[in-house]
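# The amino acid sequence is not available; the structure is as follows:
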């Protein structure tokens, strides 16, 4: 699988561990940075990682930061990206099975790196359930085409 990674300084050490782990498992990793623990702004690294998924250059993205919240917010600004903040294996599984999440956000200050690796394994191995969830994901995808709120409400 082709996986994009992006982080700010808070997730830098995790990104390096996760990158090595993914490569050892045979994945192709594109590292969008950051490339040091120096303070930086997460949108500069998260947006390009999410964009790579939306453009089909990567299959999925894993983004990291202190809490993972800001990173998920940025990733979800990219049309076609469904990024879930995960802090346990069950959330990782559900984000794929029910939401077809193509990006995962991890808070380096909220979970251990060992748990992050377990969550990533679950997330990468879990297929989308489809079925009743497909209709919901399609409604979420339809929101990507909306630009004016009153015009968007008719599709909900």
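Alright, I've got the coordinates. Remember, predicted model here, so these are calculated numbers, not experimental data. Numbering: from 1, shown residues only.
# Excluding residues flanking it in the chain, which one is nearest the most centrally placed residue in the chain?
The centre of the chain sits closest to residue 103, judged by CA atoms, centre = their mean, with a distance of 2.2 Å. Closest residue to residue 103 apart from its sequence neighbours, by CB to CB, 6 or more residues apart in numbering: residue 83 at 3.6 Å. Placement of C-beta: from N, CA and C, glycine included.
# what's the residue nearest to the centre of the chain sitting at in phi/psi?
Residue 103 adopts backbone torsions of phi -140, psi 150, taken as degrees, to the nearest 10.
# partners of it in the sheet?
residue 61, residue 83 (DSSP bridges).
# Burial check on residue 30, number of neighbours?
Using other CB atoms under 10 Å, the number of residues around residue 30 comes to 16.
# Could you check how far the host helix or strand of it is from the centre of its chain?
If you go by DSSP states H and E, residue 30 is part of strand 28-31. Computed by CA atoms, centre = their mean, to the nearest Å, the chain-centroid distance of strand 28-31 equals 14 Å.
# who does it touch, helix- and strand-wise?
strand 2-7, helix 12-24 (3 or more CB pairs under 8 Å, 6 or more residues apart in numbering; DSSP states H and E).
# which other residues reach that strand?
For strand 28-31, the surrounding residues in contact (CB atoms under 8 Å, 6 or more residues apart in numbering) are 1-5, 15, 19, 22-23, 49, 52, 57-58.
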